Structure formats: structure tokens, C-alpha cells
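# Turn this into a structure:
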Amino acid sequence: MSWKNQVSQSLAALAPPVTGQTVLRVADDRRELEAELSAIDRLACAFDTFRVTIAAMATAETAQLKEHAGKLAAKLSYLLEPIGLIEVDADRCVVQLRSIPPQRDEDRIAYYELLAERGGTFSLRRYEVFSGQPRQPVPAEVTREVFLRLADDFGGLAD
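The predicted structure follows:
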């Protein structure tokens, strides 16, 4: 069974409507998905954290993570904003990408943050910042189709 089909079946097993924290885990011998879902209905879901760990990248160096994160960001054109490189921390072996440009309202900025980290972990979160306040994580609301596409694109890093 394909990776995308595994994720699709696992998501379908969470009968909607679901509210409150639910963790979706799907794994095979090459990758593991862990998504913290805060809502699921028939057409969409909201995730707080979307994280895929790629076994083959467990010992990846910063340059390799940067390369794969860049390729992944190029595929994520279907999100609300395009994602681009912000910072590379070679000491901590972390690559940070964010929405460029972020979504801006009157007093609010919202953006995605993609991290590629030591151990082969790639994670996606949504944040918002109100004027004069620290940033806060917020659920990323996507259709089920987009969620499965994310799973396929992130999981594709193992291929």
C-alpha cells in the first residue's frame, strides 16, 4: 500500500466530527508522520503540528537538510503563502523556512513555519502575531485533500 493510501486510511478511521486534540500517527520502515489534529470534519481538518521523520536522514548534516527543505518548500505552492528560507543554524543543525510574504491583516500577521532538524525531522506549523504581542501557534485549517498532499510531499523525502 502506498504511503498516501496509508495516511488516507488512518485519517478516514478518525470518524468526523472530531474536536479536541487527536494525534494521527502513520509509520513505515522509511518514515513516520505525527500530526496533532484539533478538528476533523467530512471535508477538512485543522492541525497544530504536522511532523514527518525520515529514517534515512537521521544523520543528515545541515546542508542536506537545507537542500531537502528547499525542495519540499517548492512543492508546497498550494498553501496560503509561498515558503522560503529564513535561517540556517549549522550549530544546532536546523533549517528554518517561513511564509514569504506572510498573510497580513489590519493588526495581525499569519504565516507557516517549516523546520528541518537534526534527526531527519521536518515539521510544519502555523503562527499568528498581533501588534505588540508575541507570536502564538494556531491551527492550520486545510482540506483533507491538502492534508493528504502534505503527507505525500513530506513523505516523499524518503524516496
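
# List the buried residues of the helix-or-strand element of the chain with minimal mean pLDDT.
Counting by mean pLDDT, DSSP states H and E, the chain has its least confident helix or strand at strand 18-27, which shows a mean of 91. Of the residues in strand 18-27, L24, V26 count as buried by neighbour count, 16 or more other C-beta atoms under 10 Å. Where C-beta positions appear, they are placed from N, C-alpha and C, glycine not excepted.

# Give me the helices and strands touching that strand, please.
helix 3-12, strand 31-40 (3 or more C-beta pairs under 8 Å, 6 or more residues apart in numbering; DSSP states H and E).

# so what's the spatially most central residue of the chain up against?
For the chain, the residue nearest the mean C-alpha position is L124 (2.7 Å; C-alpha atoms, centre = their mean). Residues near L124 by C-beta atoms under 8 Å, 6 or more residues apart in numbering: T49, F50, R51, Y112, E113, L114, A140, L150, F154.

# Just the helices from this protein, written as ranges.
All helices of the chain, identified by DSSP state H, fall at 3-12, 62-75, 144-155.

# quick one, the second one and helix 144-155 angle?
For the pair helix 62-75 and helix 144-155, the angle between their directions (axes from the mean of the first three to the mean of the last three C-alpha atoms, to 10 degrees) equals 150 degrees.

# Please tabulate the helices and strands packed on strand 18-27 in JSON lines and include mean pLDDT as additional columns.
Below are the helices and strands packed on strand 18-27 laid out as JSON lines (pLDDT from 0 to 100):
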{"stretch": "helix 3-12", "mean pLDDT": "95"}
{"stretch": "strand 31-40", "mean pLDDT": "96"}
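
# Between those, which one is closest to G20.
strand 31-40 (7.1 Å; C-beta to C-beta).

# Just give the strands next to that closest one in its sheet, each with its orientation.
strand 18-27 (antiparallel), strand 44-54 (antiparallel) (DSSP bridges).

# Determine how far that strand lies from the middle of the whole chain.
Mean-position distance between strand 31-40 and its chain equals 9 Å (C-alpha atoms, centre = their mean, to the nearest Å).
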